[in-house]
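Q: The following comprises the amino acid sequence and a computationally predicted model.
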Amino acid sequence: MKRQYQKSSGVSHLSSHPLLSHRLSSSSIMPCFHLLLLASLCIIFHNNQAMAMDNGLGLTPPMGWNSWNRFHCDIHEDLIKDTVQAAKDFGLDKLGYVYVNLDDCWQKSRNKTGYIIEDHKAFPSGIPALSQYIHDQGMKFGLYSDAGLFTCQKRPGSLKYETQDAAIYKEWKIDYLKYDNCWSTLEPVKHRYQTMHDALNKTGHSIFFSMCEWGVQDPATWAPAVGNSWRTTGDIGPSWKSWTGILNANDKWWQQAGPGGWNDPDMLEVDNGEMTAAEQKAHFTMWCLIKAPLLLGMDLRKISKTGLDIISNTEVIQWNQDKLGVQGHRVYQEKVETLSASSSRLSLRKRRLDGSMIQTEEALEEGGGDGFIEVWAGPLEGGKYAVVLFNRASKQHSITADWNNIGIPTGQAMKGRDVWQHKNIGTFAANFTAMVEPHDVVAIQLEPAFLQ
């Protein structure tokens, strides 16, 4: 269907934007240096909000691939090498997808001195050789461990072995550590993650520290000083209901993220499950907007054209990798359909401390779930803005993004570009309106229309 854009001037009843709703002038045409001043104020304010772990890593969200979503424990050396080759064949490494991360099940046991031993049946050449292979391909290598006695799949955890494990990660030249939270003891979770943080730092080896605490103790409030990213929710699943529910739960922490430390709503499910192309496009768009780590979870050897086209959109990826580092968030919502009893509850996949999964249902927070139309937005470098019109309803709807809620001064003329259609769409003075298909997005980048 041909997309319809409207240069409407109607006023939307949008909620106040807590960071970006500064009103610098009421003139009909706002000088553009004021908009750049606003962006500078956002940088100062935001940097005071998100004091991240200072190891020089994660200045933008990490991008790469993780084995868990598609393969779980069925991982082996040939799979990883084939995945690296597929990533390079498709040019994904050139787009920024450089991390190749093994999740649970690569490790088998510990030796008599306590050092971790890999599963030599699955990885006959050994993890050091695999690490060297990946680095020789110009990519980076990540491993998984756990802040408990065991991993979620009952492999050896790192609790009480933090110093030895950190040392072996340095020896193996590991670039990324995902650190889970299964089989924990009564030792406080903050202390367990801090202990690994300290062990990693003492090695002098740079390693991205990804904390997978599942959001149990609101890590966004304390993890920025400990890790480079922190999970804010339970595990994602390959469905519309799963990732949109996680999107809701992650949103309240948007001010805690920034360069060096990111909210992690879990890995991408593009090209997994039964989602429509529109739902997958929406999923990827939202993860880019909210500055989530972009860790692919599909079988890259068999990726579909649709999946490849989605994850290769450089214009959307640029939002995720924008140096300003402000997480986009929801600035407008409107209920347009009555929710059924089932759709007004969120299906969550939660992990017990013993690693087993449980399926739970919780009431959605007000303003979440299907039946709503929403506007999400965030500032970018150079006075630009990323704006997403998000249709969570079952029918096509017209959605309007109003400057007052995005944080753009009233009357400022903005040039618009559709980052999925890859075309400029005109200049807009007060708001932007488009028709959006169900379970789909219209993603627009706005920048000041400088006066001649």
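A: Yep, it's here. Residues are numbered from 1 along each chain as shown.

Q: show me what contacts the spatially most central residue of the chain?
A: For the chain, the residue sitting closest to the mean C-alpha position, by C-alpha atoms, centre = their mean, is residue 292 at 1.6 Å. By C-beta atoms under 8 Å, 6 or more residues apart in numbering, the residues touching residue 292 are 61, 250, 262-265, 320. (Glycine included, C-beta is placed from N, CA and C.)

Q: Among the residues you listed, find me the one that's closest to residue 431.
A: When the contacts of residue 292 are ranked by distance to residue 431 (C-beta to C-beta), residue 320 comes first, at 25.2 Å.

Q: How many residues are close by the residue nearest to the closest one when sequence neighbours are not counted?
A: Closest residue in space to residue 320, ignoring its immediate chain neighbours: residue 288 at 4.0 Å, by C-beta to C-beta, 6 or more residues apart in numbering. When neighbours are counted by other C-beta atoms under 10 Å, residue 288 registers 26.

Q: Point out the other helices and strands that whichever strand or helix holds residue 283 packs with.
A: Assigned by DSSP states H and E, residue 283 belongs to helix 277-289. On a contact count with 3 or more C-beta pairs under 8 Å, 6 or more residues apart in numbering; DSSP states H and E, helix 277-289 meets helix 240-251, helix 305-311, helix 314-320, strand 372-379, strand 385-391, strand 440-448.

Q: Just list what the fourth one packs against, helices and strands only.
A: Here strand 372-379 touches helix 277-289, strand 329-335, strand 385-391, strand 397-402, helix 403-406, going by 3+ C-beta pairs under 8 Å, 6+ apart.

Q: quick one: low-confidence parts of the chain?
A: Where the chain drops to pLDDT under 70, the residues are 1-53, 340-368, 451-452.

Q: residue farthest from the centroid of it?
A: The centre of the chain is farthest from one residue, residue 112, which by C-alpha atoms, centre = their mean lies 39.4 Å away.

Q: Show me the helices in the stretch 1-150 of the chain, by range?
A: For the stretch 1-150 of the chain, the helices defined by DSSP state H, counting those that start in this stretch occupy 32-49, 68-71, 77-89, 92-95, 127-136.

Q: List the buried residues for stretch 74-94?
A: For stretch 74-94, burial by neighbour count (16 or more other C-beta atoms under 10 Å) applies to 75-77, 79-81, 83-84, 86-87, 90, 92-93.

Q: State the phi and psi torsions of residue 113.
A: Residue 113 adopts backbone torsions of phi -100, psi 0, taken as degrees, to the nearest 10.

Q: That one - how many residues pack around it?
A: Neighbour tally, residue 113, other C-beta under 10 Å: 6.

Q: for residue 160, same thing?
A: Residue 160 has 13 nearby residues by other C-beta under 10 Å.

Q: sorry, back to before: identify, out of the helices and strands packed on helix 277-289, the most deeply packed stretch.
A: With neighbours taken as mean count of other C-beta atoms under 10 Å, the helices and strands packed on helix 277-289 reach their highest mean count in strand 385-391, at a mean of 25.
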